[in-house]
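Participant: When you get a sec, could you give me coordinates for this:
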Amino acid sequence: MKKTVMKVMALSMASLMAMGMTAFAAETEKEGTTYDFAGGTVYGIYKAGDQTWFIDEGNAAKAKVEADGGEFIYVDSKMSPEEYLKDIDNAIANNAAGIVTCIPDQTLSQAAVDKCEEAGIPIVAADDALEVDGEKIAPWVGIDAYNIGAANGEWIANYAIDNGLVDKEDTGLLIMTMDTVSSCVPRAEGELDKWTEMCPDFPEDRIFKADYDGTTDKGNTAAAAVFTANPQITTWLVTGANEEGTIGACRALESAGLDKNACVVGLGGYMAKDEWNNKGADGTCMKAAAYFSSLQVGEGSVEVLEQILAGEEPVMETAVPATVVTPETYKEVMGKDAE
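Facilitator: Numbers count the residues shown, from 1 in each chain. Reported below is the predicted structural model:
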């Protein structure tokens, strides 16, 4: 599958996008793509490189690149749009073989793709799509957002039904949202839709939303504001757009003395497992989490990059499925990811 550097540079990302090739990752495993980077360098530019998810994702991407003969450089853009564009420019200036990236501000998508296209460097989006007006303009690898959200909504609805919480006047549902990130919006929509389907008589005035930026600190602050503003709610059911936000909600519930009656469902599992490993099932209000593998996203983003570099038609959409895990099941389901 080796191709010369000249052929790589001749690829037009614009024409590749026009092909509209779309693939949805099945839950069955498929043979991974291999490619000889021949010492070339791949840049992984991530919006929040200090977060566990991106560290794990970057490590998986690095392992794949190095296994296929290349070098991988991990870059933290620190949630800064200005820093992000500088990081793209730096990768281009250093003649990157390719870029895998999670962008901090999707309004910069066209600028990022244009820079790479002009330089003849392929770019693949991970987690948050590179898009304009809702249309992807570069191949994307991420999670099956709406259905993962729906799985969380179903789990927490069953928990409420099984524990007789739906009819209790002191029960409230909080959905942590990230409305400015397109990949996160469907997660919250799936959660709310499934909850509403399963608990149709639950009062709308006891369903709350708290928007945050994806970090634990902001999630904590946003959740705490809702808890403080609604003292009539003493039993909280919480789910959200990512693991950091739900962990922030856990800490806010603890600070407010509301954690004993609460049920929080994470999204990712990569921080929920730390709760269960360190505190045990009875020591945290994190009762479950939709687990999906950052390793699959990291390795998958490199595999799609390799398809482009090999002159193949790119897979435009690759979605990773999830499984809801609990303190009783997470070790078996997550394997090494549970450590």
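Participant: List the buried residues for stretch 245-255?
Facilitator: 245-253 (16 or more other Cβ atoms under 10 Å). C-beta coordinates here come from the backbone N, C-alpha and C atoms, glycine included.
Participant: Now find how far off-centre that stretch is within its chain.
Facilitator: Offset of stretch 245-255 from its chain centre (Cα atoms, centre = their mean, to the nearest Å): 19 Å.
Participant: Quick one: mean pLDDT for it?
Facilitator: Here stretch 245-255 scores 98 as its mean pLDDT.
Participant: Please apply the same query to stretch 220-231.
Facilitator: 98.
Participant: Dump that stretch to CSV, keeping only the CA atoms.
Facilitator: C-alpha atoms of stretch 220-231 as CSV (Å, rounded to 0.1, in the frame of the first residue of the first chain):
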residue,chain,number,x,y,z
ASN,A,220,-19.4,21.4,38.4
THR,A,221,-20.3,25.1,38.3
ALA,A,222,-23.2,24.7,35.9
ALA,A,223,-24.7,21.7,37.8
ALA,A,224,-24.3,23.4,41.2
ALA,A,225,-26.2,26.5,40.0
VAL,A,226,-29.2,24.3,39.1
PHE,A,227,-29.1,22.4,42.4
THR,A,228,-28.9,25.6,44.4
ALA,A,229,-31.8,27.2,42.4
ASN,A,230,-34.1,24.2,43.0
PRO,A,231,-34.0,23.3,46.7
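Participant: Check the secondary structure at D179 for me.
Facilitator: coil (DSSP: H, G, I helix; E, B strand; the rest coil).
Participant: Let me see the confidence value for the closest residue to it other than its chain neighbours.
Facilitator: Distances taken as Cβ to Cβ, 6 or more residues apart in numbering place D211 nearest to D179, at 5.4 Å, with adjacent residues excluded. You'll see D211 listed with a pLDDT of 97.
Participant: do the same with the one 5 residues further on
Facilitator: Per-residue pLDDT puts T216 at 96.
Participant: Give me the number of neighbouring residues for it.
Facilitator: 21 (other Cβ atoms under 10 Å).
Participant: For the residue nearest to D179, give the beta-bridge partners.
Facilitator: Taking DSSP bridges, one obtains T177 as the residues bridged to D211.
Participant: Could you list which residues are in contact with it?
Facilitator: 176-179, 222 (Cβ atoms under 8 Å, 6 or more residues apart in numbering).
Participant: burial count for I161?
Facilitator: A total of 13 residues lie near I161 under the criterion other Cβ under 10 Å.
Participant: so what pLDDT did it get?
Facilitator: I161 is assigned a pLDDT of 98 by the prediction.
Participant: need the contact list for it.
Facilitator: Applying Cβ under 8 Å, 6+ apart, the residues contacting I161 are 198-199.
Participant: where's it relative to G219, distance?
Facilitator: 26 Å (Cβ to Cβ, to the nearest Å).
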